[in-house]
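1. Next come a sequence and a model predicted from it.
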Amino acid sequence: MLKWGMDRFEMTRDGAIGVLKGSLYSGLYYISLMFPMSLIYLFILDVLPALKGNVRVTFNILTYIFIMILSLAISGFFYYKQYNAVFFTIYGESAKKRLKLGEKLRKLPLSFFEQKDLSDLTNTILSDVNTLENLQSHVIPGLIGSIMCNIVVAVMLILWDFRMGLAMFWVLPVVIINTVLSGKLQEKYANKHFLKKCAVADEAQEYIEHVSDIVAFNREEKFFEKYKKTVKEEESAHQILELVMSIFASGGQAFLKVGFAVTVIVGAILFEKGDLSLIKFLFYIISSARIYDPLGMVLNSIGYFYIIKKPVKRMKQIEETKEMGGKSDFVLENYNIVFENVDFGYSNEKKVLKNLSFKAKQGEVTALIGPSGCGKSTCTKLLTRFYDPLKGKIFIGGKNITKINPETLMGYISMVFQDVILFDNTVMENIRLGKRNASDVEVIKAAKMANCHEFIMNMTEGYQTMLGENGARLSGGERLRISIARAILKDAPILLLDEATASLDVENETKIQESIAHLIKGKTVVMIAHRMRTVENADHIIAIKDGAVVEEGSPYELLKKEGMFYQMLSLQKEETGF
Ligand SMILES: Nc1ncnc2c1ncn2[C@@H]1O[C@H](COP(=O)(O)OP(=O)(O)OP(=O)(O)O)[C@@H](O)[C@H]1O
């Protein structure tokens, strides 16, 4: 039972024990709510002689008060216990689940994120965990508790008078069958609504991310038309789901009401025949009015069981995705990089790298050149273990990188790419990202070497200036120099460089070239090159076409060969006049 609950509702062992305990206390709490019935029973006993004849009624008020206080105390005690067991455990459980999912996401290969979008993952961590939390805290303990209470009370009342007991409780199996049979239908509409909800989140996220492009291209109206349509579809999917759920919930409630009516009719017939005492008759009527309440309340939220199926599946999918393995304790002989017969594709249909082999030596600048889409960036993604090769091996310092833990591997690599990610924090902290425990003096030194110091000092609060979301206040060249400062601070032995100066003005380009010169000293540099002019200073060139190496050598050797490099260089010289 514990294992089943853990698996089905994504709970830890402690969480499942908490819910089980809470359910037990919840059952005891519901049973304790029946205690005031004894007051009614007492009252009937007291007034019955008066109903039969002209007898004066005497009440023992103290007994009534005592029973009342005792009932309240017992109910209060069990309520407190169930609250403690369920809510504290489950809220802790949700926090743990969010952390666990976050921790897991950190270790997953990048390929996982390419199949999912950001809003989908955010929904899983926030909204799905919330839905699960509601189910675990509000529905499961209440349901188990009310079933427990009904079973105990049913057994007692059937034993006391099985005819009246059956009249009261025949509805329970019918309500359970109604709920189970409606499950598939409720699940179907819950899934439909879930997909629409995800679509709304996707589009809202897309809009927020690309608002400037959408406005720049005058697409707001078009975008909003589409968004409005998706929101409308979500709204009607939600309405249909609520309708289906309430039809079955109120169906269940209606059956419970029929149970009450049947108890009255059966009791009246038996009483009329003289087979049932008045006191029993009244007691069963009053009990049946009360006993269904907890179950009725749970029926209203039973739909959660169906709503939760899809989110639980999504969480499991994240948790069961294989992490990238590898050790963190190893020795690298040097920082030479070797690609050995590497095959790779983002999908099964298309291979991007085909039997690709090359070497990038320590202390040298190795430039990857080739037409757009030939696989240059893919090489760097494999080198950083965003993906692993399908075939072949990649070595750093004689070590196959698939045997190195990706986080540890990243400790040896700095990257300076065009799309620099900046955080909504101070300039100082954004640069410090390169080396967690760097002092302010070290950060400023790196910033000076990366030609950042001057523009940072021109900002209102210097290094303490907040950069805004994704560094919205900085120009392209400034962002790039911050990224170079980070890499200088990190001082990793391997540097992956996207020849990022292509889109910059002359002043920015000169400053960036100077900063890069600081950065690459003595490192193994792999540079993705777009402009052949900058490649002329590289030590070694690897020319790639359709995912395979077509020629390699020093710039001088390749120029003499008059192959691909020569042709690309001539073409660019013709186009740009350099
Ligand atoms: N995440 C991805 N999913 C699917 N295909 C991808 C992905 N990234 C790249 N590709 C495809 O892989 C091929 C190689 O892409 P890659 O980015 O490595 O080329 P590139 O040589 O760096 O190109 P460019 O010079 O234009 O940046 C291209 O056909 C590209 O469309």
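-> Noted; the coordinates are in hand.

2. going forward, measure contacts between C-alpha atoms and count neighbours the same way
-> OK.

3. quick one, phi/psi of Asp388?
-> The phi/psi pair for Asp388 (degrees, to the nearest 10) reads phi -110, psi 150.

4. Surely it touches Thr402?
-> Yes - using CA atoms under 8 Å, Asp388 is in contact with Thr402, at 7.0 Å.

5. now the strands: where do they sit in the stretch 451-578 of the chain?
-> Along the stretch 451-578 of the chain, counting by DSSP state E, counting those that start in this stretch, strands occupy 494-498, 524-528, 540-545, 548-553.

6. could those be laid out in JSON lines, adding mean pLDDT and distance to the ligand?
-> What follows is the strands of the stretch 451-578 of the chain, written out as JSON lines (pLDDT from 0 to 100; distance: least, CA to the nearest ligand atom, whole Å):
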{"stretch": "strand 494-498", "mean pLDDT": "89", "distance to the ligand": "9"}
{"stretch": "strand 524-528", "mean pLDDT": "92", "distance to the ligand": "7"}
{"stretch": "strand 540-545", "mean pLDDT": "94", "distance to the ligand": "8"}
{"stretch": "strand 548-553", "mean pLDDT": "94", "distance to the ligand": "11"}
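
7. Turn these into a markdown table, including mean neighbour count.
-> Listed next are these as a markdown table, based on neighbours: other CA atoms under 10 Å:
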| stretch | mean neighbour count |
| --- | --- |
| strand 494-498 | 23 |
| strand 524-528 | 26 |
| strand 540-545 | 24 |
| strand 548-553 | 18 |
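
8. tell me the domain ranges of the protein?
-> Per the TED database, the domain ranges recorded for the chain read 1-320, 337-576.

9. could you point out which element follows the helix or strand that contains Asn134?
-> Counting by DSSP states H and E, the element that carries Asn134 is helix 129-134. Later in the chain than helix 129-134, the nearest helix or strand by DSSP H and E is helix 140-160.

10. Can you name the residues of the chain sitting close to the ligand?
-> By CA under 6 Å from any ligand atom, the residues of the chain that approach the ligand are 346, 352, 372-378.

11. Can I get the buried ones among those residues as something I can paste into ChimeraX?
-> Command for ChimeraX, covering only those of the residues of the chain next to the ligand found buried under the criterion 16 or more other CA atoms under 10 Å:
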select :352,374,375,376,377,378
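
12. May I ask which two of the residues of the chain next to the ligand are separated the most?
-> Greatest spatial distance among the residues of the chain next to the ligand (CA to CA): Tyr346 and Ser372, at 16.4 Å.

13. how close does the most centrally placed residue in the chain sit to the ligand?
-> Centroid-nearest residue in the chain, with CA atoms, centre = their mean: Ile125, separated by 2.8 Å. The gap separating Ile125 from the ligand is 23 Å, by CA to the nearest ligand atom, to the nearest Å.

14. For that residue, which non-adjacent residue is spatially closest?
-> Closest residue to Ile125 apart from its sequence neighbours, by CA to CA, 6 or more residues apart in numbering: Arg98 at 5.7 Å.

15. For Lys381, which non-adjacent residue is spatially closest?
-> Tyr387 (6.4 Å).

16. now the one you found: how far from Ile512?
-> From Tyr387 across to Ile512, the span is 30 Å (CA to CA, to the nearest Å).

17. Nearest approach to Gly326 belongs to which of the domains of the chain?
-> Closest approach to Gly326 among the domains of the chain (CA to CA): domain 337-576, 3.9 Å.

18. Quick check: which helices or strands does the helix or strand where His238 lies pack against?
-> Per DSSP H and E, His238 falls inside helix 220-273. Where contact means 3 or more CA pairs under 8 Å, 6 or more residues apart in numbering; DSSP states H and E, helix 220-273 is packed against helix 162-169, helix 171-181, helix 183-209, helix 278-291, helix 293-300.

19. Please repeat the previous calculation with a cut-off of 6 Å.
-> Secondary-structure packing of helix 220-273 (3 or more CA pairs under 6 Å, 6 or more residues apart in numbering; DSSP states H and E): helix 162-169, helix 183-209, helix 293-300.

20. Pick the most buried one from these.
-> Across the helices and strands packed on helix 220-273, averaging neighbours per residue (mean count of other CA atoms under 10 Å) puts helix 162-169 on top, at a mean of 21.

21. could you give the angle of that one to helix 140-160?
-> Helix 162-169 and helix 140-160 are oriented at 160 degrees to each other (axes from the mean of the first three to the mean of the last three CA atoms, to 10 degrees).

22. what sits up against helix 162-169?
-> The contact list for helix 162-169, computed with CA atoms under 6 Å, 6 or more residues apart in numbering, reads 157-158, 259, 263.

23. swap the cut-off to 7 Å and go again
-> The contact list for helix 162-169, computed with CA atoms under 7 Å, 6 or more residues apart in numbering, reads 154, 157-158, 259-260, 262-263, 266-267, 288.

24. Alpha carbons of that helix, as PDB, please.
-> Presented in PDB, the C-alpha positions along helix 162-169 are these (Å, rounded to 0.1, in the frame of the first residue of the first chain):
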ATOM      1  CA  PHE A 162     -29.100  -4.900   9.800                       C
ATOM      2  CA  ARG A 163     -32.300  -3.800   8.000                       C
ATOM      3  CA  MET A 164     -31.800  -0.100   8.800                       C
ATOM      4  CA  GLY A 165     -28.100  -0.500   8.400                       C
ATOM      5  CA  LEU A 166     -28.500  -1.800   4.800                       C
ATOM      6  CA  ALA A 167     -31.100   0.900   4.000                       C
ATOM      7  CA  MET A 168     -28.500   3.400   5.000                       C
ATOM      8  CA  PHE A 169     -25.400   2.000   3.400                       C
END
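
25. how many degrees apart are that helix and helix 220-273 in direction?
-> For helix 162-169 against helix 220-273, the angle by the same axes, to 10 degrees is 170 degrees.

26. what about helix 162-169, distance to the chain center?
-> Helix 162-169 has its C-alpha centroid displaced from the chain centroid by 49 Å (CA atoms, centre = their mean, to the nearest Å).

27. do stretch 395-402 as well
-> Relative to the centre of its chain, stretch 395-402 is centred 33 Å away, using CA atoms, centre = their mean.

28. Sort out which residues of that stretch are buried, please.
-> Neighbour-count burial for stretch 395-402, counted by 16+ other CA under 10 Å, picks out 395-397, 399, 401-402.

29. What of stretch 227-245?
-> Buried residues in stretch 227-245, counted by 16+ other CA under 10 Å: 227, 230-231, 233-234, 237-238, 240-242, 244-245.

30. okay if I get these as TSV plus pLDDT?
-> Output for the buried residues of stretch 227-245, formatted as TSV (pLDDT from 0 to 100):
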residue	pLDDT
Tyr227	87
Thr230	91
Val231	92
Glu233	94
Glu234	92
Ala237	92
His238	92
Ile240	92
Leu241	89
Glu242	87
Val244	88
Met245	85
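
31. Throw these into TSV and include distance to Ala487, thanks.
-> As requested, those are exported to TSV (distance: CA to CA, whole Å):
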residue	distance to Ala487
Tyr227	41
Thr230	43
Val231	44
Glu233	47
Glu234	46
Ala237	50
His238	49
Ile240	54
Leu241	52
Glu242	54
Val244	57
Met245	56
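
32. which residue sits closest to Ile413 in space, ignoring its chain neighbours?
-> Setting aside the residues directly before and after it, Ile413 is nearest to Ile494 in space (CA to CA, 6+ apart), at 4.8 Å.

33. got the contact list for the spatially closest residue to Tyr25 that is not a sequence neighbour?
-> In space, and not counting its chain neighbours, Tyr25 is closest to Gln82: 4.9 Å by CA to CA, 6+ apart. Neighbouring residues of Gln82 by CA under 7 Å, 6+ apart: 22, 25-26.
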